[in-house]
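K.L.:
let me see the structure of the following:
(one chain, ligands or ions: 1)
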Amino acid sequence: MREEKCRNVPVGFVSFPSTPTQPIHLQRIHNKRAQLPVLVTTQRRSNRKPIVVSTVQSVPSIYQATDERISNTSEWKALEEHAKNVISKTHLRDLVNDDKRSEKLWAEFDGCILDYSRQRVIPETMKLLFALAKKAKLEEKKEAMFRGYKINVTEDRSVLHTALRAPKGTQLYIDGVDIVDEVWQVLEKIRTFSDRVRNGQHVGVTGRPIKNFIAIGIGGSYLGPEFLHEALRTEKVASAAAGDRVLRFLSNVDPVDVKRATDKLNPEETMAIVVSKTFTTRETSINAKTIKDWLIYHLGDSAETIKKHMVACSTNLDKVVKFGIAPENMFPFWDWVGGRYSVCSAVGALPISLQYSFDVFERFLKGAHSMDTHFRYAPLEGNLPVLLGLLGVWNMSFLNYNARAIHPYSEALLRFPAHIQQLDMESNGKHVNIFGEVVDYPVGEIDFGEPGTNGQHSFFQLLHMGQVVPCDFIGFIESQNPVCEEGEPVSNHDELMANFFAQPDALAFGKTADEVRQEGKPEWLIPHMVFTGNRPSSCLLMPVLDAYVTGQLLALYEHRTAVQGFIWEINSFDQFGVELGKVLANKVRKQLNESRYFNKKISGFNHSTTKLLNRYMEGSVGCAFEHVFHYEDE
Ligand SMILES: O=P(O)(O)OC[C@H]1O[C@](O)(CO)[C@@H](O)[C@@H]1O
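P.N.:
Modelled structure (predicted):
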């Protein structure tokens, strides 16, 4: 039913002018913005070095044809004025009591309801935000993303996670290749493989059926699949399909995580799925090696052991084969899929299909695709990801709230905040815009969250009385597991949802000194019991958490992040910030090796690190290598 409501428009639709083929320069120019897809390469500003980006399906003109920083535009300034002169003088207590206003701050799509009446906005604010979106060429930028332009300019890559959930048979050509066709070839391979494992045609090396899966990966190669697994674990259809199968994740290089991932699993019935886009990530390499050794120790050192018990999802076939995994057991994806946007690729498809069946995963893809089409075609005013993104920009850049929280009122979404945290903070945690200029306005919120009601008994004190943190409340009309207790006034799910409905109002309205006084509290206690209120939040209400809705939710938040990046003129799709620490860890690793096994003195570090390392080296390594590893060997 839900599919019927969503427009089934092919990804590579309409007559699109031929793709640009000449190199272009990424820079601002003084003249007016050109329209997509005409390329503009002239009139460099003397102090700005042009960045030459690649040839085919390169960035569209919208990325270089800006004549001023977004923060210098009249649209941005109008919002600053509005925040200062209008909104700062309002209180949500009064705003929320204006029924006409509240009625307008509501949007729905395909069963998903967004009530943003508890945001510190009035209809005029939204008009100004839509004007800013137009000025920032939001429509054109999102269209450029869907069409496969290389909008990840620093890495010269397309950003096409939306193609991962495009319906079979639609077409999108990138560099002369129909990538939707490629996507479906891999999905069909996963369907066949997971069916074979699930129905016992593919058995372990000792002939036992495979029913345990360990997905080894980190960051985007872990958080998305784990959130999805948790979302489905107690869902009716998915849990029936899982039967007594077990899916675990091994991400942390902490050896304790190996113990937890393998604990009480029978290796004869276990398959490891190594998930790594690059296949060079240290944590994943070591964990994969450790699990390989665990399998070999128990099942014997043969090619057959690895063939039957290890598979991979990666873009790097050479490394996968070098590791010892058979090429036919590799499920590829592509460089146009960012790690944190990869859950709809083989990264999520393989573990989830093995555990819950491909059909369940396909429902998830359909939900995500439904939200994609809405994001792509719905007018800004009713477009859920656009609304969430604009509210994010408003709260961060105009009201100066630098954090935000996600509270799913669903235990099954317990890992959703962690996934969104990586998705958003790795995407929008930037200090320069796409032109390399330091941004002169706040971007990139600190994201965190916990399922309700647990969060309420944890950090909600701060949310109510300490710093102001805009919140997203996510609730469901029906529970995955309805329970009614005799003698209780409401069902367990209603009990949960009573909190979902109450908390946003508590944050918005607060409690005045007079209200506390009327409760008969002594005068000295009153200041301690006052709630200032005026704390913004949004409510998302969805039908029931199933695979389809989980897909919608994922895409909604993926696109929220993109919208914010588009408005802020930053590149949400690179992540150079994770590199420096990795490089320094290489140096420490080398030192640890040389000091442990070749008695070399610790040197080349600052005083503090040297002292800490010396103290660390007083402990023993706790295990022995069969032969001493010479660092240079690597
Ligand atoms: O999939 P890979 O290549 O192992 O990378 C893992 C993760 O590491 C990061 O590069 C940095 O955390 C993520 O973007 C990525 O998802």
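K.L.:
and the closest residue to Q355 other than its chain neighbours, how many neighbours?
P.N.:
In space, and not counting its chain neighbours, Q355 is closest to L247: 4.2 Å by C-beta to C-beta, 6 or more residues apart in numbering. Every C-beta, even on glycine, is put in place using the N, C-alpha and C of the backbone. The number of residues packed near L247 is 22, by other C-beta atoms under 10 Å.
K.L.:
wait, L247 sits on K211?
P.N.:
No - in this structure L247 lies outside contact range of K211 using C-beta atoms under 8 Å: 10.0 Å.
K.L.:
what comes up buried for whichever helix or strand V183 is part of?
P.N.:
According to DSSP states H and E, V183 maps onto helix 179-198. Buried residues in helix 179-198, counting neighbours by 16 or more other C-beta atoms under 10 Å, are found at 179-180, 182-184, 186-187, 189-191, 193-195, 197-198.
K.L.:
just want the angle from the next helix or strand after that helix to helix 179-198.
P.N.:
Sequence-wise, the next helix or strand downstream of helix 179-198 (DSSP H and E) is strand 212-216. On the basis of axes from the mean of the first three to the mean of the last three C-alpha atoms, to 10 degrees, strand 212-216 is oriented at 140 degrees to helix 179-198.
K.L.:
any idea how far H419 lies from L592?
P.N.:
Going from H419 to L592 by C-beta to C-beta, to the nearest Å gives 32 Å.
K.L.:
the more surrounded of the two?
P.N.:
H419 (25 against 16).
K.L.:
the more buried one and G224 touch, don't they?
P.N.:
Yes - counting by C-beta under 8 Å, G224 is a contact partner of H419 at 5.6 Å.
K.L.:
what is in contact with the two at once?
P.N.:
V343 (C-beta atoms under 8 Å, 6 or more residues apart in numbering).
K.L.:
show me what the longest helix seen in the chain is packed against.
P.N.:
Secondary structure assigned by DSSP state H gives helix 547-568 as the longest helix of the chain. Judged by 3 or more C-beta pairs under 8 Å, 6 or more residues apart in numbering; DSSP states H and E, helix 547-568 is in contact with strand 112-115, helix 123-135, helix 138-147, helix 223-233, helix 358-377, helix 384-393, helix 416-428, strand 537-542.
K.L.:
want to throw the ones you listed into CSV with distance to T270 and mean pLDDT?
P.N.:
Below are the helices and strands packed on helix 547-568 laid out as CSV (distance: least, C-beta to C-beta, whole Å; pLDDT from 0 to 100):
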stretch, distance to T270, mean pLDDT
strand 112-115, 38, 98
helix 123-135, 49, 98
helix 138-147, 39, 96
helix 223-233, 16, 98
helix 358-377, 20, 98
helix 384-393, 39, 98
helix 416-428, 25, 98
strand 537-542, 35, 98
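K.L.:
turn those into TSV, including distance to I474.
P.N.:
Below are the helices and strands packed on helix 547-568 laid out as TSV (distance: least, C-beta to C-beta, whole Å):
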stretch	distance to I474
strand 112-115	10
helix 123-135	22
helix 138-147	23
helix 223-233	11
helix 358-377	14
helix 384-393	11
helix 416-428	8
strand 537-542	5
